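Q: Have a look at this prediction, sequence included:
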Amino acid sequence: MTEPQDPENSTRRLSTAEAASPGGVLEMQSASGSSYEPGTAPDPPGGRPGRFWSGRRVPAALVALAVLGGAGILLYDIAAVRADHPAMQWRRSVADDLSSRHLDDVWVLAGSALAAALGLWLLLLALTPGLRALLPMRRRHAGVRAGLDRTAAGLVLRDRAVEVAGVQSVRVRMSRRRATVRALSHFRELDDVRADLDTVLSLAVSELDLARPPGLSVHVRRPAKKG
């Protein structure tokens, strides 16, 4: 004796012949996608890992050279004036030019805007960590910090994705917060391929052991028809 099935609650996979439209045109699935946000993981025993800070050696060296050179020339000129020598021609020209220009002059406004932009840029460099291509990993020990390059993480995900049956080629775009995977499948149902990719890539992301696991976005489609 079998129980009657409710047609609204029963689900089954349609075959290719059953997926045909009423007009007789066969409807083939051309794309399948999914997106997952990372879960919140507990703090590791080594403490909360932070981002790696860049040394900013080139900007710091350029600023130091500019300040040292300008201060040295100005100090030499002031010492020469104190020794009853005339001031340098450039300082007299600058003083005369500034005394004759108003605050709303175009060159004064342009110079002020340039100085303000340069100052904001230096403040941004000083207050931001930089090294966006280096992803911090979970700290297992208090005195050890490790990082993984974003390109290397993307290559790991790509190598795992191409091992899935039905995947022809894969492109991975890895950012600090999300890994976007776009795959081409030349056989199998796209939903099946995407489901396998979701499982494999979720495991791969967890095995990367990143401090902040990125969200995962998987898109699978058929390759373009030639001709």
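A: Thanks, I have the structure now. Source: prediction; values computed, not measured.
Q: Could you use CA atoms for every contact and neighbour count after this?
A: Noted.
Q: Need the nearest residue in space to the spatially most central residue of the chain, chain neighbours excluded.
A: Geometric centre of the chain, nearest residue: residue 175, 3.6 Å, by CA atoms, centre = their mean. For residue 175, ignoring the flanking residues on the chain, the nearest one in space by CA to CA, 6 or more residues apart in numbering is residue 150 at 7.0 Å.
Q: just to revisit the earlier point, so how far is residue 200 from the residue nearest to the centre of the chain?
A: 19 Å (CA to CA, to the nearest Å).
Q: how does the chain divide into domains?
A: Domain ranges of the chain: 57-127, 135-221, per automatic domain parsing.
Q: Quick one: residues contacting residue 32.
A: Contact analysis of residue 32 by CA atoms under 8 Å, 6 or more residues apart in numbering lists 190, 191, 194, 219, 220, 221.
Q: What confidence value was assigned to it?
A: pLDDT, residue 32: 77.
Q: any idea which element it lies in?
A: strand 31-36 (DSSP states H and E).
Q: Can you pull the phi/psi pair for residue 205?
A: When quoted as degrees, to the nearest 10, the phi and psi of residue 205 stand at phi -60, psi -40.
Q: That one and residue 124: what is the separation?
A: To residue 124, residue 205 is 31 Å away according to CA to CA.
Q: Comparing those two, which residue is more hemmed in?
A: Set residue 205 next to residue 124 and count neighbours by other CA atoms under 10 Å: residue 205 wins out with 20 against 12.
Q: in the longest helix along the chain, what counts as buried?
A: The longest helix of the chain (DSSP state H) is helix 57-82. By 16 or more other CA atoms under 10 Å, the buried positions in helix 57-82 come out as residue 77.
Q: Show me where the chain has its helices.
A: 57-82, 89-100, 106-127, 150-161, 190-207.
Q: Of the ones you listed, give the one that comes closest to residue 226.
A: Closest to residue 226 of the helices of the chain is helix 190-207 (CA to CA; 19.6 Å).
Q: hang on, the earlier thing: please identify which of the domains of the chain is closest to residue 50.
A: Relative to residue 50, the nearest member of the domains of the chain by CA to CA is domain 135-221, separated by 6.9 Å.
Q: how long is the closest one from one end to the other?
A: Start-to-end, domain 135-221 (CA to CA) is 29 Å.
Q: Could you point out which residue ranges in the chain have low pLDDT?
A: The chain contains residues with pLDDT under 70 at 1-29, 36, 38-49, 227.
Q: change it to 80
A: 1-30, 32-52, 98, 140-143, 225-227 (pLDDT under 80).
Q: ok so, going back, dump the strand holding residue 32 to PDB, keeping only the CA atoms.
A: Output in PDB follows, covering the C-alpha atoms of strand 31-36 (Å, rounded to 0.1, in the frame of the first residue of the first chain):
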ATOM      1  CA  ALA A  31      24.200  29.400 -16.500                       C
ATOM      2  CA  SER A  32      24.100  28.600 -12.800                       C
ATOM      3  CA  GLY A  33      25.400  30.800  -9.900                       C
ATOM      4  CA  SER A  34      25.500  30.900  -6.100                       C
ATOM      5  CA  SER A  35      27.000  33.200  -3.500                       C
ATOM      6  CA  TYR A  36      27.900  32.600   0.100                       C
END
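Q: Many thanks, have a good one.
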